[in-house]
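Peer 1: what follows is a predicted protein model with its sequence.
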2 protein chains.
Amino acid sequence: MLRVSKLTDYATVILTHIAHQPDELYAASDITQSTGVALPTVSKVLKLLSKANLLISHRGAKGGYELAKKPNETNVAEVIAAIEGPIGMTECTTSESTCEQESSCEIKGNWNLINRAVYTALEAVTLADMVVPVRQQEVNVVMPMNKEMNELKVEN
Amino acid sequence: MLRVSKLTDYATVILTHIAHQPDELYAASDITQSTGVALPTVSKVLKLLSKANLLISHRGAKGGYELAKKPNETNVAEVIAAIEGPIGMTECTTSESTCEQESSCEIKGNWNLINRAVYTALEAVTLADMVVPVRQQEVNVVMPMNKEMNELKVEN
DNA sequence: TTCATATAGTACTAAAATAGTCCTATATGA
DNA sequence: TCATATAGGACTATTTTAGTACTATATGAA
């Protein structure tokens, strides 16, 4: 299945938690308590998010982390990229790889196209959207919804 | 990075190859030669695609595989699901998992929303689109394209 | 009827990616 | 000066993925 890593999942949980009160400073230990994720893991995620400039870190006593931008200015595509690196669904679209099949590969360009579509979808969802419970929100994704999709929608 | 497995990548290459001449029968050995992917691997992919009803298999001498549907009736979401299982970006959206954090997890619904957006994007691209070189095609994805996206577009 | 060919299914091994933990260094406020 | 908190790196165990191999079954043709 197409999926993000557990760490990325934690990252969204943590960022959503922080986004509830964007002006406060959160220490790793605070976040462990409120999310139930183990401290070393929380710590690892926070470091990655800080390195990617999605969080600002403050060292020392009374230190902690805060959002680098407003909740509506950080989107899911950025979060995934912060934890997992550049978003690209195949090897040949993320690295200057030496693909042995390259000469006979006709579809590299098509994967770029698919990547773009997926990226746009991920980019449309921000932390501000994540803070609002799903029932009440209208996410800014302009796409046709088919029957299956609408059935899924009912589940929430 | 968000990505599909190598086998899924092979699957798109193989299906695209077959889609060029949808009425012919292709043996695994034919496909090895034209794609450069190792025979046991090709064989594995073909079996998975057949099991998922994207290909129809014919046993015995002069046997082989053919497309189960017209190229424009098989989309990338189906191909990914055939190889990797149901598309869902987090554990809690694909399985009846016993997530320990569930009680304090506020964003399961939001991930469903993101999944839906990604799924719709993947569903919009069919084998018929993959057969056409990227320069000439117009893919039916109705989404706003931002600056970055358009820059990517130029690359092709 | 026999045989070469081709898929079906399953099991197994090796390699790579991921998750999670731990330790030491550095910064900062009281 | 010390308790607190992040920074950075190294390390291990686990899981996933990739690739291979083997046996069974189906089919067309000589």
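Peer 2: Looks like it came in fine.

Peer 1: pLDDT of stretch A:111-124, averaged?
Peer 2: Throughout stretch A:111-124, pLDDT has a mean value of 86.

Peer 1: quick one: that stretch near chain B?
Peer 2: Yes. Interface with chain B: stretch A:111-124 contributes A:111-114, A:116-124 (C-beta under 8 Å from any C-beta of the partner chain). Every residue, glycine included, has its C-beta placed from N, CA and C.

Peer 1: does that stretch reach DNA strand D?
Peer 2: No. Remark: stretch A:111-124 sits outside contact range of DNA strand D, by C-beta under 7 Å from any atom of the strand, the gap being at least 14.3 Å.

Peer 1: report all helices and strands that the helix or strand harbouring A:S34 contacts.
Peer 2: Using DSSP states H and E, the element containing A:S34 is helix A:28-35. Here helix A:28-35 touches helix A:6-19, helix A:39-51, strand A:64-67, going by 3 or more C-beta pairs under 8 Å, 6 or more residues apart in numbering or on different chains; DSSP states H and E.

Peer 1: and the longest one, does that touch DNA strand C?
Peer 2: Yes. Contact of helix A:6-19 with DNA strand C is found when judged by C-beta under 7 Å from any atom of the strand, involving A:K6, A:L7, A:Y10.

Peer 1: of those residues, buried ones?
Peer 2: A:Y10 (16 or more other C-beta atoms under 10 Å in any protein chain shown).

Peer 1: now, which of the residues of helix A:6-19 next to DNA strand C lie close to chain B?
Peer 2: A:K6.

Peer 1: would you turn the residues of helix A:6-19 next to DNA strand C into CSV with pLDDT?
Peer 2: As requested, those are exported to CSV (pLDDT from 0 to 100):
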residue, pLDDT
A:K6, 92
A:L7, 95
A:Y10, 94
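
Peer 1: pLDDT weak spots in chain A?
Peer 2: A:1, A:92-108, A:133-156 (pLDDT under 70).

Peer 1: how about the contacts made by the most centrally placed residue in it?
Peer 2: In chain A, the residue lying closest to the centroid (C-alpha atoms, centre = their mean) is A:V79, at 3.0 Å. Shown in contact with A:V79 (C-beta atoms under 8 Å, 6 or more residues apart in numbering or on different chains): A:T8, A:A11, A:T12, A:L15, A:L49, A:L54.

Peer 1: that one in helix, strand or coil?
Peer 2: Local secondary structure at A:V79 is given as helix here, using DSSP: H, G, I helix; E, B strand; the rest coil.

Peer 1: hmm, back to that, now, among the residues of helix A:6-19 next to DNA strand C, which is nearest to A:A19?
Peer 2: A:Y10 (14.6 Å; C-beta to C-beta).

Peer 1: contact partners for that closest one?
Peer 2: When contacts are counted by C-beta under 8 Å, 6+ apart, A:Y10 touches A:T35, A:V37, A:T41, A:V42, A:V45.
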